[in-house]
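Q: Below are the sequence and a predicted model; questions follow.
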Amino acid sequence: MKNNTSNAAIEVEINNNYYLLKCSEDWNLKNLSHVISQFNNALITVNDKSKVTLDISSVNKFDSAGIILLLKYAEIFKKITRDVEIIGANNKQKRMLTMFRESAEYSDTQITDKHYIF
């Protein structure tokens, strides 16, 4: 049987204090272990002057585990840098992000038309 899912991935680009984390592939419970270490590696070098952008335009699929992981790391980055945004969400992803944003744990996430600001 062929596996039709791809491992979740993050490509990290750093330019001075600007961190662009390009998220891609399928972000579901089965595939998330790899991106946790990539997030943790980026966290090591982020400081209070950093700006972090999480670009999810290349994510094929999200399940609730993928959305929760993304929001959780956005919150962790926010505690360090205060300048975090999520860009590139399609309509379905926006609905999922909105649903989880409205939960008590993520209630301070602000939504604009183009991206999410933490």
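A: Happy to help now that I have it.
Q: quick one: residue 55 and residue 19 touch, right?
A: No - the pair residue 55 / residue 19 is not scored as a contact, 10.7 Å apart, by C-beta atoms under 8 Å. Quick note: C-beta positions are derived from backbone N, CA and C, even for glycine.
Q: Let me know whether residue 32 touches residue 69 as I believe.
A: Yes - counting by C-beta under 8 Å, residue 69 is a contact partner of residue 32 at 5.6 Å.
Q: residues touching residue 19, list them.
A: Taking C-beta atoms under 8 Å, 6 or more residues apart in numbering as the definition of contact, the neighbours of residue 19 are 12-13, 42, 46, 50-53.
Q: Just the ones in strands from the residues you listed, please.
A: Secondary structure defined by DSSP state E assigns 12-13, 51-53 of the contacts of residue 19 to strands.
Q: Now, of those residues, which are buried?
A: With neighbours counted by 16 or more other C-beta atoms under 10 Å, the ones in strands among the contacts of residue 19 contain buried members at 51-53.
Q: Could you dump those residues into CSV with distance to residue 79 and pLDDT added?
A: Below are these laid out as CSV (distance: C-beta to C-beta, whole Å; pLDDT from 0 to 100):
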residue, distance to residue 79, pLDDT
51, 15, 93
52, 11, 93
53, 17, 94
